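> give me a model of this one.
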Amino acid sequence: METCTLAPSRPVQLNSALHVPLCGATADSSCCCEEGGSERTSLWPALHTVLGGSSWRNTGSIMSSAYRNRIQEFKETLSEENINLKTLRELCFNGIPFEGGIRALCWKILLNYVPFDQTIWESFLKKQREVYSQFLKEMIIQPGIAKANLGLSREDVTLEDHPLNPNPDSRWNNYFKDNEILLQIDKDVRRLYPDMAFFQRPTEYPCQLILDPQNDYETLRRRVEQTTLKAQTVNRNRSGVTNVSSPGKALYLYPSNEYEVLPNGSEAHWEVVERILFIYAKLNPGIAYVQGMNEIVGPIYYTFATDPNSQWKEHAEADTFFCFTNLMSENRDNFLKSLDDSQCGITYKMESVYSMLKDKDLDLYLKLEEQNIKPQYFTFRWLTLLLSQEFLLPDVIRIWDTLFSDQDRFHFLILVCCAMLILIRDKLLAGDFTVNMRLLQDYPISDVHTILIKAKDLQDNS
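This next block holds a predicted model:
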């Protein structure tokens, strides 16, 4: 996917007076992470009620007049039967309010998931969520179960397809290959935003299709536990002799507290993220799973799973999957090593940061060149993970508001990276190689709004 040649978007004024927080919670109110009710409501009327009804009016007293006016602008734009994308982008560029699920809805539109025509939302979303349910049925099952359900006995299934079947198309062979990917995903999602309790908490809407005891589907968590146990207790030497070690001496991949069992029928948010990534890997074998994808899907899922609108929140998993897939269709080249040196590969984009820096701040560029600080030493992570590891989650989400709303979003990301360098130019010019590498790998500025203001200034003066 070529992302480097899109026409630049219409200039938008980044208003410093309207810096939008991650959520509307006050110091005395509950965090937006808290799960809401499960009562089903209609799609747009629910959002309209929160924005225009008593809920919105009650919070209005603690908001500034400018912020209330801004919410009203979003309300009017999202109330149109056919949403004007140009107007929405201009609003979102300055940051999106959390109230009423505005951010979650805007992201779904900006990531080309929800269509502009609201009259078809209900039918469209129903179809997409049915498609995702079918993915669950087809891809998160134990080999042999499907055939057994067709009336074949377990003995018949074993004769035709069993774990030692050498056929490369064997269902079990594919199962074992999938486990290699699953183990990497599992390791990554368990440490997703470790400073936050959110991903370790149980979701209010666990996947009933998989957790229903009447079904034969197994959870990915259980699959990982079984795979890990077998890998720990069974060792085969080069002569083919199998040794089974004592379970008491087994070494565990994870601390025991990471396997604490939730009540039956429950699952943690990280398990939902794991499922999304596993299905994506199955559907996209050319790229499968690459470490770091968890850092991209995490903020999207968090935003959707904390939506105040319970009906949207109930389907956060399916909606996240499709939005993540759409985002990866634009960003996937960064994860493909074969495209590293192409015009859309990550090497070209990293060099673009330095090319822009050379144009905007020659002295700083020459200093980094003199110290042999190559862009790949720090911009690889910045660009590939969309800055998701450089800032706290609320700040990442605020940056993504602007990235998603810019028509040429990944060019603007390069502008943001250049702005980050220029904003610490004095420290970089004064530092040696070691000091500067520490600065670049642990970026010192936490005020992302200042960074976005600078990036917009660079864009306007290009």
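> can you pull the contacts of Ala318?
Shown in contact with Ala318 (C-beta atoms under 8 Å, 6 or more residues apart in numbering): 128-129, 132-133. C-beta: built from backbone N, CA, C; applies to glycine.
> which among the residues you listed gets closest to Gly265?
Taking C-beta to C-beta as the measure, Gly265 lies nearest Ser133 of the contacts of Ala318, at 17.7 Å.
> could you break this protein into its assigned domains?
Annotated domains of the chain cover 37-117, 121-335, 337-460 [automatic domain parsing].
> for the record, mean pLDDT for the second one?
It refers to domain 121-335. For domain 121-335, the mean per-residue pLDDT is 76.
> where along the protein do the strands fall?
Remark: strands assigned in the chain by DSSP state E are 234-236, 242-244.
> what about the closest residue to Asn112 other than its chain neighbours, how many residues close to it?
Among residues not flanking Asn112 along the chain, Asn326 sits closest, at 5.2 Å (C-beta to C-beta, 6 or more residues apart in numbering). Using other C-beta atoms under 10 Å, Asn326 has 15 other residues around it.
> mind checking how far Asn326 is from Met139?
Asn326 sits 19 Å away from Met139, going by C-beta to C-beta, to the nearest Å.
> one more: Phe176?
To Met139, Phe176 is 15 Å away according to C-beta to C-beta.
> re earlier: out of the contacts of Ala318, grab the one that's most surrounded.
Tyr132 (20 neighbours).
> that one and Phe322 touch, don't they?
Yes - judged on C-beta atoms under 8 Å, Tyr132 makes contact with Phe322 at a distance of 7.4 Å.
> what segments of the stretch 201-350 of the chain are helices?
Under the criterion DSSP state H, counting those that start in this stretch, the stretch 201-350 of the chain contains helices at 208-211, 220-233, 269-283, 293-305, 310-314, 316-331, 346-360.
> can I get those in TSV including distance to Asp442?
As requested, the helices of the stretch 201-350 of the chain are exported to TSV (distance: least, C-beta to C-beta, whole Å):
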stretch	distance to Asp442
helix 208-211	39
helix 220-233	32
helix 269-283	25
helix 293-305	16
helix 310-314	34
helix 316-331	24
helix 346-360	18
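> between those, which one is nearest to Glu370?
Minimum separation from Glu370 across the helices of the stretch 201-350 of the chain (C-beta to C-beta) falls at helix 346-360, 13.1 Å.
> what about dumping the CA coordinates of that closest one to PDB?
Presented in PDB, the C-alpha positions along helix 346-360 are these (Å, rounded to 0.1, in the frame of the first residue of the first chain):
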ATOM      1  CA  ILE A 346      10.200   1.500   6.600                       C
ATOM      2  CA  THR A 347      13.800   2.400   5.500                       C
ATOM      3  CA  TYR A 348      12.500   5.100   3.100                       C
ATOM      4  CA  LYS A 349      10.200   6.600   5.800                       C
ATOM      5  CA  MET A 350      13.000   6.700   8.400                       C
ATOM      6  CA  GLU A 351      15.200   8.500   5.900                       C
ATOM      7  CA  SER A 352      12.400  10.900   5.200                       C
ATOM      8  CA  VAL A 353      12.500  12.000   8.800                       C
ATOM      9  CA  TYR A 354      16.200  13.000   8.400                       C
ATOM     10  CA  SER A 355      15.500  14.500   5.000                       C
ATOM     11  CA  MET A 356      12.800  16.700   6.500                       C
ATOM     12  CA  LEU A 357      15.100  17.600   9.500                       C
ATOM     13  CA  LYS A 358      17.900  18.600   7.100                       C
ATOM     14  CA  ASP A 359      15.500  21.000   5.500                       C
ATOM     15  CA  LYS A 360      14.000  22.400   8.700                       C
END
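> many thanks, I have nothing further to ask.
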